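**Q** coordinates only, no sequence provided:
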């Protein structure tokens, strides 16, 4: 039997910070007819609040070090303000939605990252086995759209900060056992760019081998490298399609069956 | 057919601010074998954060005036930090829980309070008709304990601040159509006191007529008056039991079938 389609959509980057762009994105997202999951990043809000509260933020190789105060701020902004505003807006668009952290419904159980060369603090790492398929399926089969923020928990009462791309890719991979999963990473660029400063340098398709070659040339920087790593891993684990695209191209890429972004291929 | 028992438990007051007392309360709450709902207040956290962020708070007759900045802080602290810490702790106690605002699952739709003599700002009023029985029953019948914070939404994308006692009493009343509802208001006092400064002045039972007489004598002040109003209203609307009690007496009042607090009676 052919599996049902599930679209897992990540919204991140600057779109979260622009009320008008975000609103349009949510209108577009709510038009997806298939079973769907939204995963959101945090935008600038955490940094703004940390600054106001005098909690200095440390970034190492594009990854945030999450001390106890920064974790509280992450929970307040990601699981609180952003998540609930998204859910309220989706409900107004008749999209029956439910905001979730990994703690809710025990949906994603993470492991606190071990201290090696660096102590990342309250950061949770996840694998496909971290995903509670039973509970997420219960939500999906009842026509409810889960809206995941990037907060997880360790099962022992400790909340943890987890990369939103990792949540998105891991959910997609885990759910590919049950659904034909199409994964969309939406942000403010048109996809993967050969030159991040040149919107004309869009790569429309890239396979694992091409990716490895470009990675060796250090073409990708910032958050794009881990995003691509996780996206290719999701493909290997059974996700049927991965597209990295501009948020404004989400709807067009659904209906026209063309990519409008960067399509990732295994081979 | 006899209806199934549902216990709706409010935790508020200073218990939220004391990690050890809160932990013990959650251990006790997780022992409730019947279908259950937890509703939580905000404790001191909102005021602490508002102070740090220089957002002045205005209280009128024990009720908060919620401007846009205060609403954001309420969402961050109630729906974010407190709600998710409670859910993560309950999961560690094997209580399958799900944190909710009224926006999630469209579970409680509020109406922004009309401006009359005073503009309360982004405050939402609710009635039993505001409660989405279908969605809350879906959660309950799957063995999941909803954990409600005191944030609702208006169905048009606007989040609103709503009194936690009102949420508790309204959920209890609405669900009494489907369940035999027992409502527990838990806090740091032993119940309703004739003299708020004297723990020995506990009223063990009070009916509507006695309440009306004591109210006329202005015995009740602070948050107790609206709490009692809403509790008696819930009884009138079909809730089978209402107890106002110390958080540490929750478990004993379940097993010994005695009240250990103030029991409210219609007549």
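**A** The structure has been received and is ready for your questions. As the structure is a computational prediction, the values presented were derived from the model and not from experiment. Residues are numbered from 1 along each chain as shown, chains lettered A, B, ... in the order given.

**Q** the helices in chain A, which residues?
**A** A:19-30, A:45-52, A:68-74, A:83-92, A:133-141, A:164-175, A:208-216, A:224-236, A:250-255 (DSSP state H).

**Q** who wins for proximity to chain B among the ones you listed?
**A** Among the helices of chain A, the nearest to chain B by Cβ to the nearest Cβ is helix A:83-92 (3.9 Å). Just so you know, the C-beta spots here come from the backbone N, C-alpha and C atoms, and that holds for glycine as well.

**Q** any idea how far chain B is from residue A:192?
**A** 33 Å (Cβ to the nearest Cβ, to the nearest Å).

**Q** now do the contacts for that residue.
**A** A:202, A:203, A:206, A:220, A:224, A:228, A:244, A:262 (Cβ atoms under 8 Å, 6 or more residues apart in numbering or on different chains).

**Q** out of those residues, list just those in strands.
**A** Among the contacts of residue A:192, the members falling in strands (DSSP state E) are A:206, A:244, A:262.

**Q** give me the number of neighbouring residues for the closest residue to the last one other than its chain neighbours.
**A** Looking back up the chat, that one is residue A:262. Excluding its sequence neighbours, the residue lying closest to residue A:262 (Cβ to Cβ, 6 or more residues apart in numbering or on different chains) is residue A:191, at 3.4 Å. Close neighbours of residue A:191, defined as other Cβ atoms under 10 Å in any protein chain shown, add up to 24.

**Q** so who does the residue of chain A found nearest chain B touch?
**A** Across chain A, the shortest distance to chain B (Cβ to the nearest Cβ) belongs to residue A:80, at 2.3 Å. Neighbour list for residue A:80: B:75, B:76, B:77, B:78, B:79, B:80, B:81 [criterion: Cβ under 8 Å, 6+ apart].

**Q** touching, the fourth one and residue B:147? I think so.
**A** It stands for residue B:78. No. The criterion here is Cβ atoms under 8 Å, and residue B:78 misses it with residue B:147 at 11.1 Å.

**Q** any common contacting residues for the two?
**A** residue B:40.

**Q** quick one on the thing from earlier: any of the ones in strands among the contacts of residue A:192 buried? List them.
**A** Burial by neighbour count, 16 or more other Cβ atoms under 10 Å in any protein chain shown: within the ones in strands among the contacts of residue A:192 this picks out A:206, A:244, A:262.

**Q** closest one of the residues you listed to residue A:22?
**A** residue A:244 (18.6 Å; Cβ to Cβ).

**Q** list the contacts of the closest one.
**A** A:185, A:187, A:191, A:192, A:227, A:228, A:231, A:261, A:262, A:264.

**Q** who does the last one bridge with?
**A** Yep, that's residue A:264 we're talking about. Beta-bridge partners recorded for residue A:264 (DSSP bridges): residue A:206, residue A:242.

**Q** quickly run through the sheet partners of the helix or strand bottoming out on mean pLDDT in chain A, with directions.
**A** Every helix and strand in chain A was compared by mean pLDDT, DSSP states H and E; the lowest is strand A:63-65, with a mean of 81. Strand pairing for strand A:63-65, using DSSP bridges, gives strand A:58-60 (antiparallel).

**Q** now do the strand it pairs with, average pLDDT.
**A** Strand A:58-60 shows a mean pLDDT of 84.

**Q** can you check stretch A:3-15 too?
**A** 94.

**Q** and that stretch, which residues are buried?
**A** Those would be A:5, A:6, A:7, A:8, A:9, A:10, A:11, A:12, A:13, A:15, for stretch A:3-15 by 16+ other Cβ under 10 Å.

**Q** so the fourth one makes contact with residue A:182?
**A** Yes. Using Cβ under 8 Å as the test, residue A:8 is close enough to residue A:182 to be in contact (7.4 Å).

**Q** enumerate the residues of the stretch 51-200 of chain A near chain B.
**A** Those residues of the stretch 51-200 of chain A that sit near chain B, judged by Cβ under 8 Å from any Cβ of the partner chain, are A:52-53, A:72, A:75-81, A:83-85, A:87-89, A:91-92, A:96-99, A:101, A:103-106, A:138, A:142, A:144, A:151, A:153, A:155-159.

**Q** in strands only, show me those.
**A** Per DSSP E, the subset of those in strands is A:97, A:98, A:99, A:151, A:153, A:159.

**Q** run a quick neighbour tally on the second one.
**A** Looking back up the chat, that one is residue A:98. The number of residues near residue A:98, taken as other Cβ under 10 Å, comes to 26.

**Q** that one and residue B:177, how far apart?
**A** Residue A:98 is 23 Å from residue B:177, where distance means Cβ to Cβ, to the nearest Å.
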